[in-house]
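coords please:
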Amino acid sequence: MGNLREKIFSSAVNDSLDHLRGEMCAKHKPKKESRFLTGGITYDISAGKLMDDGVQFEMSSKIPQELMSKKGMNERYFREVRDLMNKGSKKPADVRMENIIHSTNIHELKERDYVKCVFFYRSNELYTEEDIGKIVKAVSTGKMELPDIPGITTLPGRAVIFKLKESVYQGALKNISDMIKANEAVGKKFHQIAKELGNNGSAVKNPAKKASASAPKAKKAAPKAAKKATPKKKGKK
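Next comes the predicted model:
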């Protein structure tokens, strides 16, 4: 019975996350593996996992390398996004920077840095006895309908799954919205830094060469005037 309950709960959680991924891909530019692109940044929402007394899932966003004009700026970008996420609607259980290497083809590997947020929702954040009581009452009085759920025959059981799915979806929607806003705010700041550094934010590959090229050329010394030949005096014959 425990395995069936776990399977039903896990299915409900991932149905909600799948629904959110679909909405984000429809609203923004879809990418491979149900990721999506917005504001020049790729986002990913992981599958959900049932933990002790709760649900956990992860969200990640790619750090835009084109804005990393100096060494170490990717860590600064990460820290600023992390700080904003910690002030969001739901503080992540963990925020870390991950380095992932993608194989684009047999001869090319691409290295990317990501901000990864881990979110954990306790069961009492997802549904309470009061929540379930209100749903049961609404269904019993004909004000609300609940879909049939294979494996669950009781009305309170169906109410729990309904509330679980709704809470996971609403929570994850706030989390991904916070992440998009955080990247927009930090990205705007880094765009300004890139603009000030010039060349669209790319680092000067050879500063000595650029300095040399921009330095004013020395004026050539004026050629010395040719000495006039002194005519020889003719001797008396």
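
which intervals of this structure have sub-threshold pLDDT?
1-2, 69, 101-109, 198-237 (pLDDT under 70).

Which stretches in it count as helices?
Remark: helices assigned in the chain by DSSP state H are 2-27, 73-85, 123-126, 129-140, 155-197, 207-214.

could those helices go into CSV alongside distance to G40 and mean neighbour count?
For every residue, glycine as well, the C-beta is placed using N, CA and C. CSV is the format used below for the helices of the chain (distance: least, CB to CB, whole Å; neighbours: other CB atoms under 10 Å):
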stretch, distance to G40, mean neighbour count
helix 2-27, 15, 16
helix 73-85, 13, 18
helix 123-126, 33, 16
helix 129-140, 39, 14
helix 155-197, 7, 18
helix 207-214, 27, 9
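
Any chance of CSV for those, columns distance to R35?
Converted to CSV, these look like this (distance: least, CB to CB, whole Å):
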stretch, distance to R35
helix 2-27, 8
helix 73-85, 17
helix 123-126, 25
helix 129-140, 32
helix 155-197, 12
helix 207-214, 37
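
what are the bridge partners for the residue most central in space within the chain, then?
Nearest residue to the geometric centre of the chain (CA atoms, centre = their mean): S61, 1.9 Å. Beta bridges link S61 to Y43, V115, judged by DSSP bridges.

if I read this right, it contacts L84, doesn't it?
No - with contacts counted by CB atoms under 8 Å, S61 stays clear of L84, the gap being 11.6 Å.

Provide a list of residues in contact with the residue nearest to the centre of the chain.
Residues counted as contacts of S61 (CB atoms under 8 Å, 6 or more residues apart in numbering) are I41, T42, Y43, D44, V81, Y114, V115, M179, I180, N183.

cool, and K116?
Contact analysis of K116 by CB under 8 Å, 6+ apart lists E58, M59, S60, V95, R96, M97, E98.

Selecting buried members of the residues you listed in ChimeraX, what would you type?
This is the ChimeraX syntax for the buried subset of the contacts of K116, where burial follows 16 or more other CB atoms under 10 Å:
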select :58,59,60,95,97
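
distance of M24 from L197?
Separation of M24 from L197 (CB to CB, to the nearest Å) stands at 32 Å.

just C25 next, same as before
34 Å.

before we move on, what about Y121?
Y121 is 41 Å from L197, by CB to CB.

Tell me, how many residues neighbour Y114?
The local packing of Y114 (other CB atoms under 10 Å) involves 18 other residues.

residues contacting it?
If you count contacts by CB under 8 Å, 6+ apart, Y114 has them with S60, S61, K62, I63, M97, E98, N99, I100.

just the residues you listed now: which is nearest L126?
S60 (22.4 Å; CB to CB).

Hmm, Y43 and that closest one touching each other?
Yes - counting by CB under 8 Å, S60 does reach Y43; the two are 7.1 Å apart.

I'd assumed E98 was in contact with D113.
Yes - with contacts defined as CB under 8 Å, D113 counts as touching E98 at a distance of 7.2 Å.

just to revisit the earlier point, and the helices of the chain: which comes nearest L67?
Once the helices of the chain are compared by CB to CB, helix 155-197 is nearest, at 4.3 Å.

Give me the angle between the closest one and helix 73-85.
140 degrees (axes from the mean of the first three to the mean of the last three CA atoms, to 10 degrees).

Name whatever forms a beta bridge with L50.
According to DSSP bridges, beta-bridge pairing links L50 with V55.

and it, what does it touch?
Counting by CB under 8 Å, 6+ apart, L50 has contacts E6, F9, S10, V13.
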